[in-house]
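Peer 1: this one's structure only:
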DNA sequence: ATTTTAAAAGATATTAAGGTCTTAATATAT
DNA sequence: ATATATTAAGACCTTAATATCTTTTAAAAT
Ligand code: FES
Ligand code: FES
């Protein structure tokens, strides 16, 4: 059997999403949060998540400050980003364009065997990631409604 | 950006599904079909698809005969298999058990941020792969309603 | 029986994803 | 100014997925 623990998003992208939700909840302009805390809070390898945070920072999805008391934080503008914005930054737009059966592109002209059934799933998937902004997660996480790592 | 051209299934699994649909359509007890044809008909690397066919054969999802006029074919029992049976044989049951955010398992007790929204998507995804049997594809492909490779 | 054909099996190679480590840059506190 | 903390950047390593090549086995046709 060909092991495979991932569906939908790359590991990097999973980490990115969880890290962004984590920072959204814990940080503010004054209270920044460091890579170590992010790694712990999301069960991600420290150096790996560091790289990912750099990516996100370069792509302006999050702010960072170096030095003592430095770290990552989000301003109100950053909080308006959705999961989809993170996915696009890390995994690109494959979720929007790819055929689930590996054809060059997902299209109505050259549909794969499951195209028309997958279409609906894809619509919901995109709705799922575009619907939720980080600001919304910030509230929800406080009430303990979900988890970023295993207990 | 972390390239990623695959969502849902491994490449092996994509090839497997397309190969199985191809053989379902082209073969019969008397008319077997060889690896070369399968590779051409599905745009898959010949030696790689050969390995995959061996897997599927070992797992009794398909029949094979060696030697002159040998090849792969399906009997009426094989045709009753669904896409889900192929996916389980190649990718295991990760599609059933995995959390989309990479938590150890998908569960209501320790739900990830998008668990409750993903739940619905997952249900449809599973319905999609369990719903269609190879026999059904056999009919549909004949009418040119879908494609196994790019034109 | 021998030859031919094609799958089965296994060894090896390549690529991409995932992960770690080291050094440089920079902001802050002292 | 200097020391310190922390991100940024880049080099490097490891593993798993993907792909190829070679040899063996078995069935069928002759
Ligand atoms: S063509 Fe395959 S999912 Fe649309
Ligand atoms: S817990 Fe993440 S999808 Fe169910």
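Peer 2: Arrived safely. It should be emphasised that the depicted structure is a prediction, and the values quoted were computed from it without experimental measurement. Ligands and ions are numbered 1, 2, ... in the order given.

Peer 1: Ignoring the adjacent residues along the chain, who's closest to the residue positioned nearest the centre of chain A?
Peer 2: In chain A, the C-alpha nearest the mean C-alpha coordinate belongs to residue A:17, at 2.5 Å (Cα atoms, centre = their mean). Spatial nearest neighbour of residue A:17, chain neighbours left out: residue A:86 (5.4 Å); criterion: Cβ to Cβ, 6 or more residues apart in numbering or on different chains. (Each C-beta comes from the backbone N, C-alpha and C, glycine too.)

Peer 1: okay, now that neighbour: neighbour count?
Peer 2: Residues within reach of residue A:86, counting by other Cβ atoms under 10 Å in any protein chain shown, total 25.

Peer 1: Are there helices or strands packed against whichever helix or strand it is part of, and which ones?
Peer 2: Per DSSP states H and E, residue A:86 falls inside helix A:83-91. For helix A:83-91, the packing partners by 3 or more Cβ pairs under 8 Å, 6 or more residues apart in numbering or on different chains; DSSP states H and E come out as helix A:11-26, helix A:46-58, helix A:115-131.

Peer 1: repeat that for 6 Å
Peer 2: helix A:11-26, helix A:115-131 (3 or more Cβ pairs under 6 Å, 6 or more residues apart in numbering or on different chains; DSSP states H and E).

Peer 1: and chain A, which of its residues are near ligand 1?
Peer 2: A:99, A:100, A:101, A:103, A:106, A:107, A:111, A:112, A:115, A:118 (Cβ under 6 Å from any ligand atom).

Peer 1: List the contacts of the fifth one.
Peer 2: Contact criterion Cβ atoms under 6 Å, 6 or more residues apart in numbering or on different chains gives residue A:99 as the residues in contact with residue A:106.

Peer 1: now the residue located most distally from the centre of chain A: how far from residue A:30?
Peer 2: In chain A, counting by Cα atoms, centre = their mean, residue A:109 sits farthest out from the average C-alpha position, at 31.3 Å. Separation of residue A:109 from residue A:30 (Cβ to Cβ, to the nearest Å): 54 Å.

Peer 1: Give me the neighbour count for residue A:143.
Peer 2: Neighbours of residue A:143 using other Cβ under 10 Å come to 7.

Peer 1: sorry, back to before: now do the residue nearest to the centre of chain A against ligand 2, distance only.
Peer 2: Residue A:17 sits 11 Å away from ligand 2, going by Cβ to the nearest ligand atom, to the nearest Å.

Peer 1: separation between that residue and residue B:25?
Peer 2: To residue B:25, residue A:17 is 40 Å away according to Cβ to Cβ.

Peer 1: what angle sits between the lowest-mean-pLDDT helix or strand in chain A and helix A:11-26?
Peer 2: Least confident helix or strand, chain A: helix A:134-142 with a mean of 85, by mean pLDDT, DSSP states H and E. Interaxial angle of helix A:134-142 relative to helix A:11-26 (axes from the mean of the first three to the mean of the last three Cα atoms, to 10 degrees): 70 degrees.
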